[in-house]
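Peer 1: I would like the atomic coordinates for the input below:
(one chain, ligands or ions: 2)
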Amino acid sequence: MESPRSFLTHLECPECHREFNADRVQTFCQDCQSPVLARYDLTAAARSFNPAGVALRPRGIWRWSEILPVRRDKFRLTLGEGDAHLLPALRLGSSLGLTQLYIKDESTNPTGSFKARGLAVAVARAMELKLREFVIPTAGNAGSALAFYAARAGVRAHVYMPKDAPPANQAEVRQAGADLQLVDGLINDAARLAGDLARKKHWFDVSTFKEPYRAEGKKTMGLELAESFNWQLPDVIVYPTGGGTGLVGMWKAFTELESMGWIGSHRPRMVSVQAEGCAPIVQAFKTGAKRADPWQNAHTLAAGLRVPVVFADRLILRVLNESKGTALSVSDTEIIQAQKELAQSEGILAAPEGAACWAGLQHLLRDGWAKTDEKIVLFNTGSGIKYL
Ligand SMILES: *Cc1c(COP(=O)(O)O)cnc(C)c1O
Ligand SMILES: [Zn+2]
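Peer 2: Ligands and ions are numbered 1, 2, ... in the order given. This is a model prediction of the structure:
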């Protein structure tokens, strides 16, 4: 079987629309301090693959290679990520009168979280562009994912993690043989250190949105959702938002699918759930701001949501507004309760970030923002096993 080709054409800054050569190493738009996004020749891609063909390919993210950035098959790194189950949540749903509640359960990804999707693609594309040493600041799961994909690729990873990150994440990074540096501070403090070292030592910095391709990996969640619902997107997607890669990536996936003629114009309302102790996007959304202010004294047990400075804030807020979505925060007490309910009524051992979505949906129903007969998808972004 001939391996699929990528229809990647260039990268684009969503703020100033400047174009960047995608076959060189790129980071972000320095002028706008904005992420840059991958662009594809979608007309040509649509001529070269179709929904029926995608369904027949081996499971995983590389089924979508035409609209992913890696050009040669030998660089398509995999540990079996993607194609996480979309589980109907009948018991949980009916407890609140919901008739169409689903959970996209990302906990089955390698290294136990959806970070695998993003890092698989970022490391694969970086390898193709001849990069061999990586650095990442992380709240936990991204560091684990980088460590394991770097091991799989046979290259070096340096992981900068707050010292209060889940011990399981620290152990995972060490187990994979990566260089683990514990930082006295938050993910943005780790990011500053990682950025300095990247410049000094010529390591490639794969921080959230500081390179273009993690978002492409996470985009596959949106592609899979569209396919699972037979190319009719649901009404509401509830997503635990830290750096926003998944939210922005899925929205981009929907635009690309429509451009290829695979879906129509119906879009889900996108909901960002954050923790009360760190909710910069919620605050910005409520005030109608275009940018999010840094959050002071961030604290929550949901480590993946402890992101006080959001580099892709403009993109996230645009998705929430364009989709007629919303943003809301939940308390750690609600998260713990929601985690129990997911475990006991659906058998899902959810990460606190994933559980936050179930807690958030309860707010949306109470406020009448979501209706009980709508098709609603919650994202369980990781496994709860790391937090036990
Ligand atoms: C990183 C992480 C998040 C936040 O994801 P973004 O796409 O960066 O917003 C949510 N849940 C878990 C389990 C995570 O590891
Ligand atoms: Zn720009």
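
Peer 1: okay, now Gly154: neighbour count?
Peer 2: Applying other C-beta atoms under 10 Å, we find 8 other residues in the vicinity of Gly154. C-beta coordinates here come from the backbone N, C-alpha and C atoms, glycine included.

Peer 1: and it, how far is that from ligand 1?
Peer 2: For Gly154, the distance to ligand 1 (C-beta to the nearest ligand atom, to the nearest Å) stands at 25 Å.

Peer 1: for that residue, what are phi and psi?
Peer 2: The phi/psi pair for Gly154 (degrees, to the nearest 10) reads phi 80, psi 30.

Peer 1: next up, the contacts around Ile67.
Peer 2: Taking C-beta atoms under 8 Å, 6 or more residues apart in numbering as the definition of contact, the neighbours of Ile67 are 6-7, 40, 42, 45, 219, 223, 256, 260.

Peer 1: from those, which ones fall inside helices?
Peer 2: With helices taken from DSSP state H, the overlap with these comprises 42, 45, 219, 223, 256.

Peer 1: can the contacts of Ile67 go into CSV with extra columns for distance to Asp31, neighbour count and pLDDT?
Peer 2: As requested, the contacts of Ile67 are arranged in CSV below (distance: C-beta to C-beta, whole Å; neighbours: other C-beta atoms under 10 Å; pLDDT from 0 to 100):
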residue, distance to Asp31, neighbour count, pLDDT
Ser6, 27, 22, 98
Phe7, 27, 22, 98
Tyr40, 24, 21, 99
Leu42, 26, 19, 98
Ala45, 29, 21, 98
Lys219, 25, 30, 98
Leu223, 31, 23, 98
Glu256, 25, 22, 99
Met260, 31, 20, 98
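
Peer 1: tell me the one of the residues you listed nearest Arg72?
Peer 2: Comparing the contacts of Ile67 against Arg72 with C-beta to C-beta picks out Ser6 as the nearest, at 8.7 Å.

Peer 1: would you agree the closest one is in contact with Phe75?
Peer 2: No - using C-beta atoms under 8 Å, Ser6 and Phe75 do not qualify as a contacting pair, with a distance of 10.2 Å.

Peer 1: what sits up against the one helix or strand Ser144 maps to?
Peer 2: Under the criterion of DSSP states H and E, Ser144 resides in helix 141-153. With C-beta under 8 Å, 6+ apart as the test, helix 141-153 has contacts from 77, 79, 110-113, 115-116, 118-120, 123-124, 127, 134, 136, 138, 156-157, 159-161, 165, 169, 172-173, 175-178, 180, 206, 208, 303-304, 382, 386.

Peer 1: can you say which of those are buried?
Peer 2: Among the contacts of helix 141-153, those that count as buried by neighbour count (16 or more other C-beta atoms under 10 Å) are 77, 79, 110-113, 115-116, 118-120, 123-124, 127, 134, 136, 138, 157, 159-161, 165, 169, 172-173, 176, 178, 180, 206, 208, 303-304, 382, 386.

Peer 1: so which of these are in strands?
Peer 2: When DSSP state E defines the strands, the subset of those inside them is 134, 136, 157, 159-161, 180.

Peer 1: which members of the residues you listed are the farthest-apart pair?
Peer 2: The most widely separated members of those are Phe134 and Met161, with 14.2 Å between them, by C-beta to C-beta.

Peer 1: pretty sure Phe379 sits in a helix.
Peer 2: No - counting by DSSP: H, G, I helix; E, B strand; the rest coil, Phe379 is not found in a helix; it is strand.

Peer 1: quick check: bridge partners of it?
Peer 2: Here Phe379 shows beta-bridge partners Lys104, assigned using DSSP bridges.

Peer 1: how near is it to Met270?
Peer 2: Taking C-beta to C-beta, to the nearest Å as the measure, Phe379 falls 11 Å from Met270.

Peer 1: and what of Pro110?
Peer 2: Counting by C-beta to C-beta - Pro110 and Met270 are separated by 26 Å.
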